[in-house]
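Trainee: Could you look at this predicted model? Sequence included:
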Amino acid sequence: MMTASPATDAAIVKLEDVHLSFGQTQVLKGIDLTINKGDAVSIIGPSGSGKSTILRCINALVTPQSGKITVAGTRVDQLTKESERIQLRKRVGIVFQQYNLFPHLTVLDNIVLAPTRILGADKTATVKLARELLEKVRLSEKADAYPGQLSGGQQQRVAIARALAMKPELVLFDEVTSALDPETVGEVLWVIRDLIRDGMTSILVTHEMRFAEEISDTVVFTENGRIVDHGSPQQIFHSTENPRIRQFVGGLSGGGRGAVRDGEGI
Amino acid sequence: MQDMNLTGLFIDLMSRLGLNYEFLATGYEAQVWRDGFITTLYLVAITIPVSLVFGLIFAACLTSGRLWLSAPVRGFVELTRNTPTLVQLMFSFLVLNTVVSNMVGGAQNNPLSPFFWVVAVVGLHVAALHAEAIRGGIEAVPSSMIEAARGMGFSQFEILRYVQIPLAFRSSLPAIVNGLISLVKSTTVGNAIAVSEITYASIMVWTQRDNVVEMMIVLLAFFSLINFVVARIGQWVERRLAIPGYGL
């Protein structure tokens, strides 16, 4: 569980007073966040509130101007060389909204490329692992297909398998269902739900409120570069005193979208 | 003897059509002419890979985001694109080659032949054209895909090697094949510095025999054939690299 107290040994991610701007635009205005190993944390909030930027900070894809970031024992904010950031990224998986599979490689090669070429893992073992992961995301029969031949939901499941093939210590999901049509959202959420049940530390930026409520240990609400509130799904979705959060979750989770998707996800 | 008979038959047949191929019966001129074909084929076979390798290196430099790599290459690309290959060749052979000769203590010590200068000048000239085509392809790779690769721990070079170049090569292939066809034709500039490729050899023959039309027929057919093969290989590579379900 996320706590307000100082990080325990179980903390795998800890952000302290993180400030970040792109040019004149202040994106993060003092983020404090602690995430323990094995937790599933959902970050919700309106567009432009800095959700995705928090994930990119954790993965060292962007560097904040001030604040402390500790990820799996590494002080990310103190990394000065690109090679050090690369070492961190190899340990932290990230899946994006646009899947971004490599279009010129088959599904299997997409999964095998990074572990073998970037980590230097054994090819035979990696292919075996890739096939297991494909089975896990229910796409065994698509191993030799190219990304362009798959639906959005299938591509996103391959992207998740690709991230898992790096054997990451935690996985970041950046609005992974936002580009999908409602019918395929469920199949992706199903895979993530499985992953979380297996104990993978997961941080999700999502607009799927029902899903966030179901799978999260902690829900974080962000707005205007700040964490407005955090707590259990019960607290955030049902018993918050904050009128802004009530308005936000009411407007999103009350509608048909979340409900329909959740129903299909099982 | 069999060979002589066939040659004789050919000469005889052609002369009935009013075409003069009598030089084929001689030793020296026929030899120069045959060597011309071989020299041109060598030039093409060596210059094509040179142009591709340097085209790739130039494109990598241009898109590296490092000024000390991109600025000199940008300058070279502009210079070589905007000036005639023939002038570049003459400059290289008459000026650069002389500088090299002076540095190594005389032309007899200079290992660089006219053949080398044709390969270097034509190869790098076409490399500049390739570089622009490949650069366009590299820059067309969506930034979100590059971010995804970075997110997995790819270095800038690994992104170039495993993601950008494979995609850029496919999208720039038609332009590259055009460049190679132009390269094949450009090898004829070698005759300006006495590389005895096929045009040089043909000129040698027709100044003696006054059979320009006859030599031209063979010359044009020869280059057409080479470029037909280059274009077909290009198409074959394009088909082989086509990505199912992808617009390239």
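Mentor: Good, I have the coordinates.

Trainee: switch to C-alpha atoms for all contacts and neighbour counts from now on
Mentor: Fine.

Trainee: can you pull out the strands in the stretch 151-266 of chain A?
Mentor: A:170-174, A:201-205, A:218-223, A:226-231 (DSSP state E, counting those that start in this stretch).

Trainee: Please identify which of those is closest to B:Phe115.
Mentor: With Cα to Cα as the measure, strand A:170-174 is the member of the strands of the stretch 151-266 of chain A nearest B:Phe115 (57.2 Å).

Trainee: from memory A:Val137 sits against A:Val191, does it?
Mentor: Yes. The pair A:Val137 / A:Val191 is scored as a contact, 5.9 Å apart, by Cα atoms under 8 Å.

Trainee: Relative to chain A, which residue of chain B is the closest?
Mentor: Closest to chain A within chain B is B:Gly245: 4.1 Å, counting by Cα to the nearest Cα.

Trainee: and that residue, helix, strand or coil?
Mentor: Three-state call for B:Gly245 (DSSP: H, G, I helix; E, B strand; the rest coil): coil.

Trainee: Hmm, it is touching A:Gly148, no?
Mentor: Yes. Counting by Cα under 8 Å, A:Gly148 is a contact partner of B:Gly245 at 4.1 Å.

Trainee: More neighbours: which of the two?
Mentor: A:Gly148 (19 against 14; other Cα atoms under 10 Å in any protein chain shown).

Trainee: Am I right that the more buried one sits in a helix?
Mentor: Yes. Counting by three-state DSSP, one finds A:Gly148 located in a helix.

Trainee: Apart from its neighbours in sequence, what residue is nearest B:Glu214?
Mentor: Once flanking residues are discounted, B:Glu214 sits nearest to B:Leu19: 6.1 Å by Cα to Cα, 6 or more residues apart in numbering or on different chains.

Trainee: Let's see the pLDDT reported for the one you found.
Mentor: On the pLDDT scale, B:Leu19 is placed at 91.

Trainee: Distance-wise, check it relative to B:Asn211.
Mentor: 8 Å (Cα to Cα, to the nearest Å).

Trainee: Report the central residue of the chain.
Mentor: No chain was given, so I picked chain A. In chain A, the centroid-proximal residue (Cα atoms, centre = their mean) is A:Phe173; its distance is 1.9 Å.

Trainee: Correction: the question concerned chain B.
Mentor: B:Leu183 (3.5 Å).

Trainee: Need the pLDDT of the residue in chain B sticking out farthest from the centre.
Mentor: The C-alpha centroid of chain B is most remote from B:Gly151, which lies 39.5 Å away (Cα atoms, centre = their mean). With respect to pLDDT, B:Gly151 scores 93.

Trainee: Which other helices and strands does the longest helix seen in chain A contact?
Mentor: Counting residues, the longest helix found in chain A (DSSP state H) is helix A:182-197. Secondary-structure packing of helix A:182-197 (3 or more Cα pairs under 8 Å, 6 or more residues apart in numbering or on different chains; DSSP states H and E): helix A:152-164, helix A:209-215, helix A:256-265.

Trainee: ok, now with 7 Å
Mentor: Packing contacts for helix A:182-197, counted by 3 or more Cα pairs under 7 Å, 6 or more residues apart in numbering or on different chains; DSSP states H and E, involve helix A:152-164, helix A:256-265.

Trainee: and these, which one is worst for confidence?
Mentor: Minimum mean pLDDT among the helices and strands packed on helix A:182-197: helix A:256-265, a mean of 41.

Trainee: Need the pLDDT of the closest residue to B:Pro174 other than its chain neighbours.
Mentor: Spatially, and ignoring its direct neighbours in sequence, B:Pro174 is nearest to B:Gly234 (7.7 Å; Cα to Cα, 6+ apart). Note on B:Gly234: pLDDT of 95.

Trainee: per-residue confidence for A:Thr8?
Mentor: The model's pLDDT for A:Thr8 equals 50.

Trainee: What are the buried residues along stretch A:57-71?
Mentor: Under the neighbour-count criterion of 16 or more other Cα atoms under 10 Å in any protein chain shown, stretch A:57-71 has A:57-64, A:67-71 buried.

Trainee: Check which residues of the worst-scoring helix or strand of chain B on mean pLDDT are buried.
Mentor: Here the helix or strand of chain B ranked lowest by mean pLDDT, DSSP states H and E is helix B:2-16, holding a mean of 83. Buried positions in helix B:2-16, judged by neighbour count with 16+ other Cα under 10 Å: B:Thr7, B:Gly8, B:Ile11, B:Asp12.

Trainee: Just give me the closest of those to A:Glu82.
Mentor: B:Thr7 (68.9 Å).

Trainee: Please list all residues in contact with the closest one.
Mentor: By Cα atoms under 7 Å, 6 or more residues apart in numbering or on different chains, the contact list for B:Thr7 reads B:Ala25.

Trainee: What lies in contact with stretch B:112-131?
Mentor: B:43, B:47-48, B:50-52, B:54-56, B:58-59, B:77, B:80-81, B:85, B:88-89, B:92-93, B:176, B:179, B:183, B:186-187, B:190, B:193, B:195.

Trainee: What about those, which are in helices?
Mentor: Using DSSP H, the contacts of stretch B:112-131 in helices are B:43, B:47-48, B:50-52, B:54-56, B:58-59, B:77, B:80-81, B:85, B:88-89, B:176, B:179, B:183, B:186.

Trainee: interface residues of chain A facing chain B?
Mentor: Contacts of chain A with chain B, taken as Cα under 7 Å from any Cα of the partner chain, map to A:59, A:61, A:86-87, A:89-90, A:93-94, A:100, A:102-104, A:118, A:146, A:148-149.

Trainee: Can you tell me which of the residues you listed are classed as buried?
Mentor: By 16+ other Cα under 10 Å, the residues of chain A next to chain B give A:59, A:61, A:86, A:89-90, A:93-94, A:100, A:102-104, A:118, A:146, A:148-149 as buried.

Trainee: From these, which land in helices?
Mentor: A:Ile86, A:Arg89.

Trainee: so which two of the buried ones among the residues of chain A next to chain B are the farthest from each other?
Mentor: A:Ile86 and A:Gln149, at 30.8 Å, using Cα to Cα across these.
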